[in-house]
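> need coordinates for the below:
(2 chains)
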Amino acid sequence: MTAELTNPTAADAASRTARSKRRTATDFAAEGEPFVWALGGALAIGILMIVGFLFLVMWNGVVTFFPKTIAVVTAGNGDVFAGEPVRSEQYRPTAEALAALQPTARAKIATADGFAGRTLYRVGNYDLYGEDFRWVADHDVRRVEYPAGLMLVERLEWGPFIGTIKAVTTGGGAARPAAEIGTAAIDAAHATARERWERIHRIERGDIGAVNHWLDKERLRLRKVELADGIDSAGYRTAERRFAEREAVLKQDYDRLAAEAAALRAEDAKDTITFADIGGKEKTIALSAVVRMYAANDLGLAAKLGVYFSRWWEFLADVPREANTEGGVFPAIFGTFVMTLLLVIAVTPFGVITALYLREYAKQGRLVSIVRISVNNLAGVPSIVYGVFGLGFFAYIVGGTIDQLFYAERLPSPTFGSGGLLWSSLTLALLTVPVVIVATEEALAAVPRSMREGSFACGASKWQTIRYVVLPRAMPGIMTGVILAMARGAGEVAPLMLVGVVKLAPELPIDGFFPYIHLERSFMHLGFHIYDVGFQSRNSEAGKPMVFVTTMLLIALIAVMNASAIIVRNRLKRRFMGSQF
Amino acid sequence: MAVAEKIAPGASSTVYHVKKGEQGTVLDIDDFNLWYGTSQALFDVSMTIERGLVTALIGPSGCGKSTLLRSLNRMNDLIDGLSIKGSVLLEGADIYDKRADVIALRKRMGMVFQKPNPFPMSIFENVVYPLRVDGVRDRRRLEETAEQALRGAAFWDEAKDRLQENALGLSGGQQQRLCIARAIAGDPEVLLMDEPCSALDPIATAKIEELIDELRGHYSIAIVTHNMQQAARVSQNTAFMYLGRLIEYGETRAMFTVPKVRQTHDYVTGRFG
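I've put the predicted structure just below:
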């Protein structure tokens, strides 16, 4: 009896342990673990790539404007030059180069498996040397020093100058040695000269520009009368008389301003500064042509930061110079921003209305399916094709027609008939409209049926239901689509090169002259700026840091615009979607 | 066995013992048939909704009671492939007439749904929505209507201090009472309720039932419910439907105590369904 009783319990316990053993031994694959790892791995790789890219851009972008020290290098053959070390690398010298080397240097390279080190120096002084950068092999360096007193001079032309200040002339007097004047006085003279230069700039670009603008306006008015009434009409003669009067007045203004500018220029020419490079070669330029100069090896941290932020300010707020490799990118920032804004204004109603019709009104059938597939496929068309279309359709056909109808007096020079801000925005709107349509359709489909029924049951018409209930509820989803479209559009470059982006735009698309917003003007864009600086400039080595900085700026601009759109969307989400659904 | 006999085609004829309303008839459903595509959902339904009374529609799931209710304000129009035969007369005028104005019809009928469906806007805007779609702009009138409707739906005391808050933040029971307020804000003649308490807890249910009782007399109410106790508590007339047919339609008390048809008896005593 007892045996019978105990036996089953023992068997039970045995089977239980067997079961639990089997449970822990569940096959790894059966638990789905490998898939979890694969999914996690894929995510990790994606994140790593994005973070790595951002880090690369940030790191290179952030340090670009920080002042570097200037090294004075004495080469093996006795040559002496000064420059900012840019980067070092390992390379394999050619056989001939090796043969020409000292035996000790050759032996050293042999022990390093045939590799030798070299450093790239930015030597500047392009006007004197004909090169900006110089590679120096490590075995060719006899001595590297960082002497005090060496200046880095950023100039309006010819790039930076590295050397010392030899003499300064002020007010057309005799040149006085730098040591006699003192740094403080030089800086003061420099500040005065820069101020005067800016005044000249203001007169020539601003005031004289305005006179030219008004003169142009009068000329166009006359031409308009000529086109309307003919050259022999009484109206034309009156207009001509009027034009002559106005022209005389404006000419007076012009002469006065030109004289003022000429006087300032004459004064400006009296202030000069003479630099000497490390080898003693001298170079005299106008004091106002110096943008910024500092004794690179003598700066403390605070002074370095001062230079750093002054360079950032120039970059963000100034216009570019020297084929875009120097100066600022303000026109490009502004152009990118305005274009993206216009893109959003154009793409949102267009996409939303299309999606509303497709989802709410059109009879769901084969035709609508075909339309939907076509819309989705549009997103896959190469963007350059949109550029060609934009140029052909918007600029030449639509713009050409507008020119003939409304701006006939300006022909043959095109107004809307060539690439410009408006056509660029519309082209990009076309490019991004599938994104908005798809997102809006999804959002509309996600509006609960019960909500629509509730509205219909209150006696609302279909449009009222859409207007008051469906659209508000779908708004966050629509915003998501707009955000995606914005991000896509702001980073697009290829089509823009055909429909309105230029290397250097003379005027901003928004200014103080009626009608204030000039949508027909060509503009600058950060994306194109990157391409231009990095690959189209005289010397790509100088453009490289600018590529990183501009990329950083473009990413930051898009991030800021997206973030503000996301904030708006989240606010809408809180308002229109309760926890209920 | 008796059940099978009763629902055999052609053999069905509704048994009536309706309590007549003192104010006459508001809706007259006559030989109404309805198809979703090719499958028929309603078979020869004929019944009247008495003015000022509460009419309950009961029956097992899928018997067509919701379909019938939604036919009364043509909510089924939204469904593709719907076809009907027969007529529904609202005060003598066929609502399925070609020239009938659906929007005007729906304004005469408030509807409360199974799941509370407030709109994504403030409590106030929710309540005055029927007036908004009519184009009413007068602030005073909107406010008066809102208060009246919210009082009518026994929701005023809770809502009066938070009229501008988002309606989606309310609890389920509050949302349903808001939907009732919205349904009566347009001052309809008929109130259609499609299982208004099925998503609510017992306390909220009790409140809504109390409310239905108070609204009776002023509105004619048709209510679909799964809950037979509820039907017995709130309604004066009850219609029992089964497989798309109206089996028995009569005074509620008699329906639940001495039903004249065997199937009704089986259903109300819980033997099937």
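> wait, B:Ala181 sits on B:Leu150?
Yes. The criterion here is Cβ atoms under 8 Å, and B:Ala181 meets it with B:Leu150 at 4.9 Å. For every residue, glycine as well, the C-beta is placed using N, CA and C.
> quick one: distance of stretch A:364-380 to the chain centre.
Distance of stretch A:364-380 from its chain centroid, counting by Cα atoms, centre = their mean, to the nearest Å, is 35 Å.
> ok, now stretch B:69-77?
Using Cα atoms, centre = their mean, the offset of stretch B:69-77 from its chain centre is 10 Å.
> cool, stretch A:387-405 as well?
27 Å.
> interface residues of the stretch 101-250 of chain B facing chain A?
By the rule Cβ under 8 Å from any Cβ of the partner chain, the part of the stretch 101-250 of chain B lying against chain A is B:103-104, B:106-107, B:109-111, B:113, B:115-121, B:129-130, B:132-134, B:166-169, B:175, B:179, B:182-183, B:186.
> just the buried residues of the residues you listed.
In those, burial by neighbour count holds for B:103, B:106-107, B:109-111, B:113, B:115-121, B:129-130, B:132-134, B:166-168, B:175, B:179, B:182-183, B:186, counting by 16 or more other Cβ atoms under 10 Å in any protein chain shown.
> just to revisit the earlier point, between B:Ala181 and B:Leu150, which contacts overlap?
Residues touching both B:Ala181 and B:Leu150 (Cβ atoms under 8 Å, 6 or more residues apart in numbering or on different chains) are B:Val127.
> these two: which is more packed in?
B:Ala181 (29 against 26; other Cβ atoms under 10 Å in any protein chain shown).
> for that one, give its distance to A:Thr440.
32 Å (Cβ to Cβ, to the nearest Å).
> same deal with B:Ser220?
41 Å.
> neighbour count winner among those two?
A:Thr440 (28 against 25).
> show me the contacts for the nearest residue to the more buried one once chain neighbours are set aside.
Sequence neighbours aside, A:Ala355 is the residue nearest to A:Thr440 in space, at 3.5 Å (criterion: Cβ to Cβ, 6 or more residues apart in numbering or on different chains). Applying Cβ under 8 Å, 6+ apart to A:Ala355 gives the contacts A:Val436, A:Ile437, A:Val438, A:Thr440, A:Glu441, A:Leu444.
> average pLDDT across the helix or strand that contains B:Gln176?
Following DSSP states H and E, one finds B:Gln176 within helix B:172-185. For helix B:172-185, mean pLDDT is 89.
> counting contacts, what elements does that helix pack onto?
helix A:449-457, strand B:109-112, helix B:123-127, helix B:129-132, helix B:139-152, helix B:156-159, helix B:202-215 (3 or more Cβ pairs under 8 Å, 6 or more residues apart in numbering or on different chains; DSSP states H and E).
> who touches the first one?
If I follow you right, that is helix A:449-457. With Cβ under 8 Å, 6+ apart, helix A:449-457 has contacts from A:464-465, A:468-470, A:473, B:73, B:75, B:78, B:106, B:109-111, B:113, B:115, B:117-120, B:129, B:133, B:179, B:182-183.
> repeat that with 7 Å
A:465, A:468-470, A:473, B:73, B:75, B:78, B:106, B:111, B:113, B:115, B:117, B:119 (Cβ atoms under 7 Å, 6 or more residues apart in numbering or on different chains).
> would you turn the helices and strands packed on helix B:172-185 into TSV with mean pLDDT and distance to A:Arg122?
What follows is the helices and strands packed on helix B:172-185, written out as TSV (pLDDT from 0 to 100; distance: least, Cβ to Cβ, whole Å):
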stretch	mean pLDDT	distance to A:Arg122
helix A:449-457	90	65
strand B:109-112	90	78
helix B:123-127	92	66
helix B:129-132	91	69
helix B:139-152	90	72
helix B:156-159	88	73
helix B:202-215	85	77
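> so which of the ones you listed is nearest A:Arg372?
With Cβ to Cβ as the measure, helix A:449-457 is the member of those nearest A:Arg372 (20.6 Å).
> chain center to the closest one: distance?
Worked out by Cα atoms, centre = their mean, helix A:449-457 lies 48 Å from the chain centre.
> swap in stretch A:333-351?
Using Cα atoms, centre = their mean, the distance between the centre of stretch A:333-351 and that of its chain works out at 16 Å.
> show me what counts as buried in it.
Buried positions in stretch A:333-351, judged by neighbour count with 16+ other Cβ under 10 Å: A:333-340, A:342-344, A:346-348, A:350-351.
> stretch A:314-331 now?
Neighbour-count burial for stretch A:314-331 [16+ other Cβ under 10 Å]: A:314-315, A:319-320, A:322-331.
> any low-confidence regions in chain A?
Filtered on pLDDT under 70, chain A yields the residue ranges A:1-29, A:577-581.
> quick revisit: so which of the contacts of helix A:449-457 belong to strands?
Members of the contacts of helix A:449-457 lying in strands (criterion: DSSP state E): B:Met111.
> among the contacts of helix A:449-457, which pair sits farthest apart?
Checking the contacts of helix A:449-457 with Cβ to Cβ, the most distant pair is A:Arg473 and B:Asn73, at 22.5 Å.
> where does A:Glu89 fall, phi/psi-wise?
Backbone torsions of A:Glu89, given as degrees, to the nearest 10, read phi -150, psi 170.
> downstream neighbour of the helix or strand containing the residue nearest to A:Thr440 in the secondary structure list?
Element membership of A:Ala355 [criterion: DSSP H and E] is helix A:330-356. Beyond helix A:330-356 in the direction of the C-terminus, DSSP H and E gives the next helix or strand as helix A:366-378.
> now tell me what touches that following helix from outside.
A:Leu358, A:Ala362, A:Pro434, A:Ile437, A:Val438.
> surely the fourth one touches A:Ile353?
No. At 9.6 Å, A:Ile437 does not count as touching A:Ile353 under the criterion of Cβ atoms under 7 Å.
> out of these two, which sits in the more crowded spot?
A:Ile437 (28 against 12).
> quick one: residues contacting the more buried one.
A:Ile437 sits in contact with A:Gly351, A:Thr354, A:Ala355, A:Val375, where contact means Cβ under 7 Å, 6+ apart.
> tell me the secondary structure for it?
Secondary structure assignment for A:Ile437 (DSSP: H, G, I helix; E, B strand; the rest coil): helix.
> and the next element down the chain from whichever helix or strand A:Trp37 is part of?
Following DSSP H and E, one finds A:Trp37 within helix A:33-63. Toward the C-terminus, helix A:33-63 is succeeded by strand A:71-75 as the next helix or strand (DSSP H and E).
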